[in-house]
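Peer 1: The following block contains a protein sequence and its predicted model.
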Amino acid sequence: MAFSSVQFLFVFLPLALAAYYLLPRPARNAVLCLFSLVFFAWSGLRGAALLVGLAALNWLGGLALKQIPAKKPLLTLLILADLGVLAVFKYAGFAAESVNALFPGLLPVLAPALPLGISFYVFTAIGYCIDVAAGHVQPARSPLRFFVFLAFFGHGPSGPIVRYGQQAPMLDPRGEPRRVTADRFCYGIKRFVFGLSKKALIADQLALIYQRVTSVPASTVPAPYLVLGYVAYMLQLYFDFSGYSDMAIGIGSFFGLDLPENFDYPYLAQSLGEYWRRWHISLSSWFRDYLYFPLGGSHCSTARTCRNLLIVFILTGLWHGAAWQYVAFGLLHGLLLCLERLGLRRLLEKLPAAVRHLYTVVVLWLTLILFGAPGLAQGLGAWAGIFRWQSGAPGYTLAAFADGKLLLILAAAVLLCGPVQALFPRLKEALYTRKAPGLPMMAGLLVLLFFSLMRVTAGTYSAFIYFQF
C-alpha cells in the first residue's frame, strides 16, 4: 500500500486520523501501533509477524542492556539476531546463487519474499540497541512507545531511519512535544502534497521513459536514447525517494512526530563526499556513526581510512539490494571517495564551481546506470553502448521512448531537482517554513493536489523504488 495509492489516500489515512483524534490521548500510541501493524500486514502477514517479533526482541534487549553490567555479549547477540533475520530474507538467495555460479547445484536457492521495510527497521533497531548500550539513551519502558518508534507507518516502509534519542520526547502522547498545532498540521499537509506531486506528476512519468529504454537489450538501443533513459532514471530516483520522504515527514506532522530531513538537494553537490551528506541523510549518518567511526573513521592512517571507506560503501551498496550491481555501485563510490581523499578533492577545489558540479553529476550518473539497470550485465552493456556511442538497431526513433509531454516533464525535473531552489532562496524557504501557508501557497497546493489525485485515481501510480530495498 503505497502512500500514493487510492487505498492509502482515501481509506487508510483518513481512518487513522479519525481514530487518532477521536480517541483520548492515552490511547493514541495504541492507535498508531494498530494502524502501523495493519499497514505492514497489508504487504504480508508473515512480514508483519516478523516485525512484531523483532520489535519484542529489541525492546526486551534494550531493557536488559540497561540492567546488566557486561553489555557487549548481549549487544553482540542482538545485532547478530537482527542481521541474521535480514540476511535470511534478503541475502540468502543471492549468496546461494553466487555459490552455485561457481559450483552448480551445490546449494538450494531460497527466495523468500522480502518483508516490507526490513532494511529500515532492522537498522533502526540496531542503532537503538547500540545507543542504549553506550548510555546515550534510556531504554523504552513502554512496548507501545517502542513499537511506534520502530514501526510507525509514516517512516517504517522506507525511512528515514530514525534515532531513539531524537524521537523519545515525542513518543509520550500526552507530552507537549507531541501536541499538534494548526501550523504543524498545515505544515504536514504542505509536505505531504509536495511529496505526492513529486511522485505522481514527475517520478512516475519519468519511469515510463526508463522502462521503455530498459525493456529491450542495451546493445540494440542507440546511445542517445540510452543517455535519455538513464538520465530519466537518475531524476526518477530522486523525485521518487525525496517525494516519499516529504510524504513521510508530512504524515509524521499529522500525528505529532517530527521526522528528520532525508534530502538536501543532493544533485547540487560539488563532490561525491558532499553528495552523500545530502542524499539519504539518515542512512549515510547511520553508517557514519555506527560503522565508519567505530572502524576508526578518518582519524587514522590514509590507508586505513580508505579501507574504512571501502567497507562502508560496499555495505551501503549491499544494503540497497542483494545483487552484484549494488556491490559494484558501492565499490565504485568507495574507490571514488578514496580518490577524493587522496588528492582529487584538493584538485577539485581549485576548479570553478560549475566544473566541480559537472564532475559530480556525470560520475554519479555513470554509477547510477549500474544501480538502476535491470542487472549488472545490462548496466555494463549500457556503459559500453554509451562509451562507444553505438548506433543501435535500425528503426528506433525518439518517439519509441518519449513523447513531447514526457520530455517536458524531464526538463522540468532537471530544473526542480535543485537549480530553481538555488536561484530563488525564498522559494526554498517557503517550501520548508513551518508556518501556515498563505493564500498563494494554498492555491498552488490545491492545484498540485488536484492533478496528483487525477494521476492516482487514473491508476498510473506505482510502488516507491525504495520499497524494494
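Peer 2: Structure received.
Peer 1: And what about the residue with the largest distance to the centre of the chain, helix, strand or coil?
Peer 2: Within the chain, the residue lying farthest from the chain centre (C-alpha atoms, centre = their mean) is P394, at 38.4 Å. The three-state assignment at P394 reads coil, by DSSP: H, G, I helix; E, B strand; the rest coil.
Peer 1: shift numbering so it begins at 7
Peer 2: Noted, 7 is the first residue going forward, which turns the last one into P400.
Peer 1: residue contacts, it?
Peer 2: Under the criterion of C-beta atoms under 8 Å, 6 or more residues apart in numbering, P400 has no neighbours. Where you see a C-beta, it was placed from the backbone N, CA and C, and this is true even at glycine.
Peer 1: any idea how far P228 is from it?
Peer 2: The gap separating P400 from P228 is 10 Å, by C-beta to C-beta, to the nearest Å.
Peer 1: now swap in H326 and tell me
Peer 2: Applying C-beta to C-beta, the value for H326 to P228 is 29 Å.
Peer 1: Likewise for G424?
Peer 2: 29 Å.
Peer 1: before we move on, what about L108?
Peer 2: In terms of C-beta to C-beta, L108 sits 36 Å off from P228.
Peer 1: What mean pLDDT does stretch 200-212 get?
Peer 2: If you average the pLDDT over stretch 200-212, you get 95.
Peer 1: Any chance you could give me it in CSV, C-alpha atoms only?
Peer 2: In CSV, the C-alpha atoms belonging to stretch 200-212 read as follows (Å, rounded to 0.1, in the frame of the first residue of the first chain):
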residue,chain,number,x,y,z
PHE,A,200,4.6,18.3,-2.3
GLY,A,201,5.8,14.7,-1.9
LEU,A,202,2.7,13.3,-3.6
SER,A,203,3.2,15.7,-6.6
LYS,A,204,6.8,14.7,-6.9
LYS,A,205,5.8,11.1,-7.0
ALA,A,206,2.7,11.2,-9.1
LEU,A,207,3.5,14.1,-11.5
ILE,A,208,7.2,13.6,-12.0
ALA,A,209,8.7,10.3,-10.8
ASP,A,210,6.0,8.0,-12.2
GLN,A,211,6.1,9.8,-15.6
LEU,A,212,9.9,9.6,-15.9
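Peer 1: which outside residues touch it?
Peer 2: Applying C-beta under 8 Å, 6+ apart, the contact partners of stretch 200-212 are 9-10, 238-239, 241-242, 245-246, 248-256, 411-412, 415-416, 418-419, 422, 437, 451, 454-455, 457-458, 461-462, 466-468, 470.
Peer 1: among those, which are in helices?
Peer 2: 238-239, 241-242, 245-246, 248-256, 411-412, 415-416, 418-419, 422, 437, 451, 454-455, 457-458, 461-462 (DSSP state H).
Peer 1: Burial check on L83, number of neighbours?
Peer 2: L83: 13 surrounding residues under other C-beta atoms under 10 Å.
Peer 1: cool, and D189?
Peer 2: As a burial measure, D189 scores 14 neighbours (other C-beta under 10 Å).
Peer 1: Settle this for me: it is touching P443, isn't it.
Peer 2: No. D189 lies out of contact with P443 (C-beta atoms under 8 Å); the separation is 9.8 Å.
Peer 1: how close does I74 get to G67?
Peer 2: To G67, I74 is 11 Å away according to C-beta to C-beta.
Peer 1: make that F155, sorry
Peer 2: Distance, F155 to G67, using C-beta to C-beta: 14 Å.
Peer 1: And those two? Which one has more around it.
Peer 2: Legend: neighbour count by other C-beta under 10 Å for F155 and G67, higher for F155 (27 against 23).
Peer 1: And for the more buried one, nearest residue in space, chain neighbours not counted?
Peer 2: Q173 (5.1 Å; C-beta to C-beta, 6 or more residues apart in numbering).
Peer 1: In what element of secondary structure is that neighbour found?
Peer 2: Following DSSP states H and E, one finds Q173 within helix 170-173.
Peer 1: Who has more neighbours out of L108 and P228?
Peer 2: Applying other C-beta under 10 Å to L108 and P228 shows that P228 carries more neighbours, namely 20 against 7.
Peer 1: check contacts around that one.
Peer 2: Counted by C-beta under 8 Å, 6+ apart, P228 has contacts 396-398, 402.
Peer 1: In PyMOL, select just the buried ones from those residues.
Peer 2: To isolate the buried subset of these in PyMOL, counting by 16 or more other C-beta atoms under 10 Å, use the following:
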select buried, resi 396+398+402
